[in-house]
Structure formats: C-alpha cells, structure tokens
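K.L.:
Kindly generate the corresponding structure for this input.
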Amino acid sequence: LYQLRGRVGRSDRRAYAYLLIPGEAALTRDARKRLRVLQELTELGAGFRIASHDLELRGAGDLLGGKQSGPIAAIGFELYTELLEETIDRLRGKEREERIDPEIRLGLSAFFPEKYLPDPNQRLQFYQRLAGAENDDELFDLVEELRDRYGEPPLAGEVLIATMRLRILLKKLCVELLEYDSKRLSLSFHSSTKVSPNLIRQLVTEQPDKYRLGADFKLNISLGRLSSAELLVRVRKELQLFF
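P.N.:
So this is what the prediction gives:
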C-alpha cells in the first residue's frame, strides 16, 4: 500500500490516494497496526521506517535461508540482528569482544507510562531499541521517532531517555554496575575496561574525600543528596572524566 501511494502523482502534478477498508472490526490486529503506521509516518523518506515496522510485525524469518517470515517479533529486530552477527562471526572463527550489559540502579522512576504509549508490544519494542542504541546518534533518531508518533514524553520517559544516554557511556567504559545510594555513586568496572588505572589512582590520591577505591576495582564517589535532574547531570559529568 505504501509503494502504491508513492506512485500517485507525477512531476509537478499533485494527486491523492484514498485507501479504503471495510471497517476496523474486519481487520486483524496486525493489519490495524500496519495501517496505523501508514497514517503516522507520512513525511518524505519514511519508507525505511515503515519497512522496519513491517519487519517487526511479520518477523524476518531465516536470513541465511529461504523462509520469508519468522519469530523476530518475539525478541525484537535489534537483538535478532545482534544474535545473527554473533553466529556469523562464530562460523567464520572470528573472536568477538565480550558484550557488557551495564546494570543501572539510580533509584529513579524511568519508564513510559501506559497513557503515553498504550500498546504493550510497542512499549517493549521501544525499550529494546533504546537499550540497544550504541551511540548518541542512534538514540537521538529513536527519540525523534518516539516524539513524532506519540508526542513529548512525560517526566518518567525523559528520565528513561537520559538513563539510556548514561548507558551508552557505561558500555564504552565497560562498567558492569552503576549504583547510587542517596549519597554515594559506585562504579564497578569489568576486567576488560579501557579506563586507565593511573587516572583512577590520581583521582583517589588528589581528592580522597570524594573518590575511594574499593574491592574488585569498584570506585566510590561521594555526591551527597541530589534531585533526579541533578543526579543525572552529575553522573554524566563524572563518567566523562574517564574519556
């Protein structure tokens, strides 16, 4: 339907396409979702995003075989492609770096309320896609898509987005656990971290009241009691010291 709609009108002649249905009651759940995507994504160049949504709905099947549809919706497109890349690398005998999946415990309400994003499947997909963002550009594109489709996120949603920005930094630093206990921030580094031990020793030596090194390469940072907004800003500032 999207391809047909794109072929209506030529050159400087504007035209309109009317797509008629017998009523939503006669449609399957997936059909209603597809039509909703067509209604929401109308800007020029939206074809790729529409195709991505279709892939989420029908499943990508066996990308190395002949099946054209499959269970991808159960795990999400990003996780599916990641598992596929791991399998291909393993078959080629190529070693992959250990994947660090940071755990974040800041004691903040970070989620998309049901009133903002009613469809539980869509909520889950956005959670998966946000968590899988590898850099700020990917995260920015996802947030723009979210705003285009559902409007400005509420406070808990903004906190979630800010937390995902921190997650990107934590992945780069190979931090396994980030924890805040109302006064102190703790960073637990994985053994593969690229953070210089000399830098950490320098921080601990020059500012012993603020930085303390615990067991298993765990860095404790005294921040005091902070509001949610202050905490997110301070945590990001502390993480950027290690780049």
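K.L.:
can you list contacts of stretch 106-124?
P.N.:
73, 76, 126-127, 150-151, 153-157, 159-160, 163, 178-182, 228, 231-232, 235 (Cβ atoms under 8 Å, 6 or more residues apart in numbering). All C-beta spots, glycine's among them, are computed from the backbone N, C-alpha and C.
K.L.:
tell me which residues in that stretch are buried?
P.N.:
For stretch 106-124, the neighbour count (16 or more other Cβ atoms under 10 Å) marks 106, 108, 110, 112, 116, 117, 122, 123 as buried.
K.L.:
which residues sit in contact with the spatially closest residue to residue 234 that is not a sequence neighbour?
P.N.:
The shortest distance from residue 234 to any non-neighbouring residue, by Cβ to Cβ, 6 or more residues apart in numbering, is to residue 223 (5.7 Å). Counting by Cβ under 8 Å, 6+ apart, residue 223 makes contact with 180, 183, 184, 185, 231, 234, 238.
K.L.:
Would you mind giving the secondary structure of the closest residue in space to the last one that isn't next to it in sequence?
P.N.:
In this case it means residue 238. Nearest residue to residue 238 in three dimensions, chain neighbours excluded: residue 221, at 5.9 Å (Cβ to Cβ, 6+ apart). The three-state assignment at residue 221 reads strand, by DSSP: H, G, I helix; E, B strand; the rest coil.
K.L.:
Domain-wise, how is the chain divided?
P.N.:
2-91, 103-240 (automatic domain parsing).
K.L.:
which one of these has the most crowded surroundings?
P.N.:
domain 103-240 (a mean of 15; mean count of other Cβ atoms under 10 Å).
K.L.:
biggest separation within the buried residues of stretch 106-124, which pair?
P.N.:
Greatest spacing in the buried residues of stretch 106-124, by Cβ to Cβ: 106 and 122 (25.0 Å).
K.L.:
SS state for residue 121?
P.N.:
Three-state call for residue 121 (three-state DSSP): helix.
K.L.:
Look up how far residue 127 lies from it.
P.N.:
11 Å (Cβ to Cβ, to the nearest Å).
K.L.:
how about low-confidence regions in the chain?
P.N.:
Scanning the chain for pLDDT under 70 picks out 1-15, 43-48, 55-79.
K.L.:
in it, which residue is closest to the centre?
P.N.:
In the chain, the centroid-proximal residue (Cα atoms, centre = their mean) is residue 130; its distance is 1.1 Å.
K.L.:
wait, what's in contact with that residue?
P.N.:
Neighbouring residues of residue 130 by Cβ under 8 Å, 6+ apart: 139, 142, 160, 161, 164.
K.L.:
State the helix or strand in which it lies.
P.N.:
For residue 130, the host element (DSSP states H and E) is helix 120-132.
K.L.:
Point out the other helices and strands that the very next helix or strand once past that helix packs with.
P.N.:
As assigned by DSSP H and E, the chain's next helix or strand after helix 120-132 is helix 136-150. Counting contacts by 3 or more Cβ pairs under 8 Å, 6 or more residues apart in numbering; DSSP states H and E, helix 136-150 packs against helix 120-132, helix 155-173.
K.L.:
so which of these gets nearest residue 146?
P.N.:
Set against residue 146 and scored by Cβ to Cβ, the helices and strands packed on helix 136-150 come closest in helix 120-132, at 6.4 Å.
K.L.:
Using PDB, list the CA coordinates for the closest one.
P.N.:
Presented in PDB, the C-alpha positions along helix 120-132 are these (Å, rounded to 0.1, in the frame of the first residue of the first chain):
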ATOM      1  CA  PRO A 120       2.400  -3.000  25.400                       C
ATOM      2  CA  ASN A 121       4.200  -4.500  22.400                       C
ATOM      3  CA  GLN A 122       5.200  -1.100  21.200                       C
ATOM      4  CA  ARG A 123       6.400  -0.200  24.700                       C
ATOM      5  CA  LEU A 124       8.500  -3.300  24.800                       C
ATOM      6  CA  GLN A 125      10.000  -2.600  21.300                       C
ATOM      7  CA  PHE A 126      11.000   0.900  22.200                       C
ATOM      8  CA  TYR A 127      12.500  -0.400  25.500                       C
ATOM      9  CA  GLN A 128      14.500  -2.900  23.500                       C
ATOM     10  CA  ARG A 129      15.600  -0.400  20.800                       C
ATOM     11  CA  LEU A 130      16.600   2.300  23.400                       C
ATOM     12  CA  ALA A 131      18.700  -0.300  25.400                       C
ATOM     13  CA  GLY A 132      20.300  -1.400  22.100                       C
END
